[in-house]
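In: Below: sequence and its predicted model.
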Amino acid sequence: MKAAVIYENGGPEVLRYEEVPDPECPDGCVAIDVEAISVEGGDLLARAGSPPPSVPHVVGYLAAGTVVEVGAGVEDRAAGDRVVTLNMAGSHASRRAVPAMSTWAIPDGLDAARAACVPVAIGTAQECLFTAGHLEAGQTVLIHAGAGGVGMAAIQLAKQAGATVISTASSDEKLERLGELGLDHGINYATESFVERTRALTDDRGADVILDSVGGQTLADSIGALAYRGTLVSVGVAGRAGSNVEARELWTRNNTLRGVFLGGALLTEYPRVHGMIADLFERVASGGLRVEIDRTFPLAEAAAAHAHIESRRAFGRVVMTP
């Protein structure tokens, strides 16, 4: 099979497009012919900083395609099924094998490219807003990085839940386009303080829930934009690194800092989280939630796909096709 592999960590240029052996399909697993690959932030982090366990190593979390082989013991998947697969590695390839329990059926009418983008981005947004943030109708939410996959999903989910939605982005153009997804107020973080603007928009009350996938100083500064008894939700490896948060700034206003790791929730609370993501597939398939795809690259140009995401020019998801 063809795959985009790494032999060492580094920038996008370390990705090589090569012929590698097809994966085996052990007991409890399924193998798929890949039709679409959603490039995730974790894929970039794995390429850049997680030493490959062996070489050549195929990175990547998410891929959609058609089941071509079923391992012993698998009863709920069959050859010919269209599924989305999730695993810690192996998506950047024309074929992959994963545990059957880490798959979701693709609803009729949903194309593979959009389906591949659902579990991590939309699942994470759902978990952040409602499981961690307990967002309710009538509340105000601030969503950082609204033009990213999690951000776009969160804007839609929050608006549909009856919240007032504020979001940050790096340009006025991105903020204007986010209005189509339900954004009420946009903040260009390159030209204004999101803390001051959020407080101004809420009559100095602050946001009930803040979803931060940026980390660093953004996470620390977000405490200043929280309402009394507000919840700050930190998500992603980037969101957990390089942030100095003073606990006193939280407890003086009875605020809460929550961390979200969808992979850990899926392992620990499998029935709930797997079912939640299955419901999100149905909402996307019915048109209730939109998946915005910025660009589609051939797998042979995986390095260019990664570079495009890192350039911060993308509006929505970046997808690859074998």
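Out: Received, thanks.
In: low-confidence ranges in the stretch 151-300 of the chain?
Out: Within the stretch 151-300 of the chain, the stretches with pLDDT under 70 are 237-242.
In: try 90
Out: Within the stretch 151-300 of the chain, the segments meeting pLDDT under 90 span 216, 236-247.
In: can I assume residue 142 is in contact with residue 207?
Out: Yes. If you go by C-beta atoms under 8 Å, residue 142 and residue 207 touch, sitting 4.0 Å apart. C-betas here are computed from N, CA, C, even on glycine.
In: Quick one: distance of stretch 148-166 to the chain centre.
Out: 13 Å (C-alpha atoms, centre = their mean, to the nearest Å).
In: Oops, could you answer that again for stretch 146-156 instead?
Out: 9 Å.
In: Quick check: buried residues in the helix or strand containing residue 166?
Out: Using DSSP states H and E, the element containing residue 166 is strand 164-169. Using 16 or more other C-beta atoms under 10 Å as the test for burial, strand 164-169 gives 164, 165, 166, 167, 168, 169.
In: What helix or strand is residue 66 located in?
Out: Residue 66 belongs to strand 62-70, assigned by DSSP H and E.
In: counting contacts, what elements does that strand pack onto?
Out: strand 29-38, strand 82-86, strand 95-99, helix 112-116 (3 or more C-beta pairs under 8 Å, 6 or more residues apart in numbering; DSSP states H and E).
In: Identify the residues contacting that strand?
Out: By C-beta atoms under 8 Å, 6 or more residues apart in numbering, the surrounding residues in contact with strand 62-70 are 25, 30-38, 40, 77-86, 90-91, 93, 95-97, 100, 106, 112-113, 115-117, 119-120.
In: out of the residues you listed, which are buried?
Out: The buried subset of the contacts of strand 62-70 (16+ other C-beta under 10 Å) comprises 25, 30-32, 34-38, 40, 77, 81-86, 90-91, 93, 95-97, 100, 106, 112-113, 115-117, 119-120.
In: Any chance of the buried residues of strand 164-169 in CSV with distance to residue 57 as columns?
Out: Converted to CSV, the buried residues of strand 164-169 look like this (distance: C-beta to C-beta, whole Å):
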residue, distance to residue 57
164, 44
165, 39
166, 40
167, 35
168, 35
169, 33
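In: Tell me the one of the residues you listed nearest residue 275?
Out: Nearest to residue 275, judged by C-beta to C-beta, of these is residue 165 at 25.7 Å.
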